[in-house]
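> Fold the following for me, if possible:
(2 chains)
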Number of protein chains: 2
Amino acid sequence: MPNTLQILIKQFNYEGGFVLKLEQLGRHILVEFYNCDCDILGDHEVIEEYMCEAARISNATIVTSCFHKFNPWGVSGAVIIQESHLTIHTWPEYGYASVDLFTCGDSVNPWVGFNYLEKMLKSERSESTEIARGMIEKIKNFSHKKLDNITHKPM
Amino acid sequence: MPNTLQILIKQFNYEGGFVLKLEQLGRHILVEFYNCDCDILGDHEVIEEYMCEAARISNATIVTSCFHKFNPWGVSGAVIIQESHLTIHTWPEYGYASVDLFTCGDSVNPWVGFNYLEKMLKSERSESTEIARGMIEKIKNFSHKKLDNITHKPM
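Model prediction:
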């Protein structure tokens, strides 16, 4: 498997179709989880457990993490993984949580973590945006050095 | 000052102009820093120091942080602030860093942190995207409860 993430986009024309292959270091999913379980959003131990499990089942490897419980409510935290990070900020009083899943390489699937968190937070509605991070062509184009074989972060 | 972040967008029409006021819990700036100083990107102590200072000069309050140095190179880390988070992932070998500045409330200005990091990482080129997080109208609209006076995370 290649170490960079390859995104395949199928584009159609009148003659048939062709495939455009884009390469990027990582993919970053920004999620708004609405109408979650308020008690869960306020429990910092449970939130930390869910975030770490979301990383693991996405096939990521956790290297460190840090969480903070706010007074009177709310949790913020980050799980740093070999493949980048997961973060969360919760507003239990509104049933709302803001989650990021940023992963590099093609051995990790952040959408597995998304599905898990949506279920565990009992979010009735969510919205997400996926952003490409570290486009290979841009890094190569802007660099003063000749860069070959760009890969995601070494372990 | 209001506790939600108010974004003013001036829209012009043929008759003159009007102001559209949008409210959101936070603003999230996703940054690609190209052509940075490779030695700085590889120094995890310096990166942690810069990230914490970027939070402070943006007027944020740090509550916890976690950083990891990769072998043979690269740094990943997060600074959790009362107002959300700052994260970084560096690829010293490509002079590239991926940075997020996510802040809530209107007492913090993430662009101050952006400017500081651009200077300290000696990035010759950068690209950024600002994403609204926690749109107040959506949280209210989707909620089953009547929500009034939505504000950013309590301290």
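
> Kindly provide the whole-number mean pLDDT of stretch A:25-34.
Per-residue confidence for stretch A:25-34 averages out to 97 on the pLDDT scale.

> how about the CA coordinates for that stretch, as CSV?
Output in CSV follows, covering the C-alpha atoms of stretch A:25-34 (Å, rounded to 0.1, in the frame of the first residue of the first chain):
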residue,chain,number,x,y,z
LEU,A,25,-1.0,13.6,3.4
GLY,A,26,-4.2,13.6,5.4
ARG,A,27,-8.0,14.0,5.5
HIS,A,28,-9.7,16.1,8.1
ILE,A,29,-13.3,15.6,9.0
LEU,A,30,-15.0,18.4,10.9
VAL,A,31,-18.2,17.3,12.5
GLU,A,32,-21.1,19.0,14.2
PHE,A,33,-23.0,16.6,16.4
TYR,A,34,-26.4,17.9,17.3
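
> Would it count as contacting chain B?
Yes. Contact check for stretch A:25-34 against chain B, using CB under 8 Å from any CB of the partner chain: residues in range are A:25-26, A:28, A:30, A:32, A:34. The C-beta positions use only the backbone N, C-alpha and C, and glycine is treated the same way.

> So which of those residues belong to helices?
With helices taken from DSSP state H, there is no overlap with the residues of stretch A:25-34 next to chain B.

> which among those gets closest to chain B?
Closest to chain B out of the residues of stretch A:25-34 next to chain B is residue A:34 (4.3 Å), distances taken as CB to the nearest CB.

> my guess is the closest one contacts residue A:99, does it?
No. Contact criterion CB atoms under 8 Å: residue A:34 and residue A:99 do not qualify, at 11.6 Å.

> Tell me which of those two has more neighbours.
Neighbour comparison, residue A:34 and residue A:99: the larger count goes to residue A:99, with 24 against 19 (by other CB atoms under 10 Å in any protein chain shown).

> Which helix or which strand is home to the more buried one?
Secondary structure from DSSP states H and E places residue A:99 in strand A:96-104.

> That strand near chain B at all?
Yes. Using CB under 8 Å from any CB, we find that strand A:96-104 touches chain B at A:96, A:98, A:100, A:102, A:104.

> Neighbour-wise, give me the winner out of these.
For the residues of strand A:96-104 next to chain B, the largest number of neighbours (other CB under 10 Å) sits with residue A:104, at 29 neighbours.

> where does chain A dip in pLDDT?
Residues of chain A that meet the criterion pLDDT under 70 lie in A:1-19, A:152-155.

> That one: strands as residue ranges?
According to DSSP state E, chain A carries its strands in the segments A:5-13, A:16-34, A:62-69, A:75-81, A:84-91, A:96-104, A:125-135.

> Let me know the angle separating the longest one from strand B:16-34.
If I follow you right, that is strand A:16-34. Between strand A:16-34 and strand B:16-34, the angle formed by their directions is 110 degrees, by axes from the mean of the first three to the mean of the last three CA atoms, to 10 degrees.

> Residue A:77 against residue A:97, yeah?
No. Contact status for residue A:77 versus residue A:97: not in contact, 11.1 Å apart, counting by CB under 8 Å.

> and for those two, which residues touch both?
Where contact means CB atoms under 8 Å, 6 or more residues apart in numbering or on different chains, the residues bridging residue A:77 and residue A:97 through contact with each are residue A:88.

> Give me the most central residue, chain A.
Centroid check for chain A by CA atoms, centre = their mean gives residue A:101 as the closest residue, at 1.7 Å.

> So is the longest helix along chain A next to chain B?
Of all the segments of type helix in chain A, defined by DSSP H, the longest one is helix A:44-57. No. Judged by CB under 8 Å from any CB, helix A:44-57 and chain B are separated, with a smallest distance of 11.5 Å.

> in that helix, what counts as buried?
The neighbour-count check on helix A:44-57 (16 or more other CB atoms under 10 Å in any protein chain shown) flags A:44, A:46-48, A:50-56 as buried.

> what does stretch A:24-39 give?
Using 16+ other CB under 10 Å as the burial criterion, the residues of stretch A:24-39 that qualify are A:24-38.

> now that stretch: how far from the chain's centre is it?
Averaging C-alpha coordinates over stretch A:24-39 and over its chain gives two centres that are 8 Å apart (CA atoms, centre = their mean, to the nearest Å).

> that older thread, how big is the angle separating the strand holding residue A:99 from strand A:16-34?
Relative orientation of strand A:96-104 with respect to strand A:16-34: 140 degrees, computed using the same axes, to 10 degrees.

> List the strands paired with strand A:96-104, with their directions.
In its sheet, strand A:96-104 lies beside strand A:16-34 (antiparallel), strand A:84-91 (antiparallel), with partners assigned from DSSP bridges.

> Would you mind getting the angle between the last one and strand A:125-135?
The reference is to strand A:84-91. Using the same axes, to 10 degrees: strand A:84-91 against strand A:125-135 is 150 degrees.
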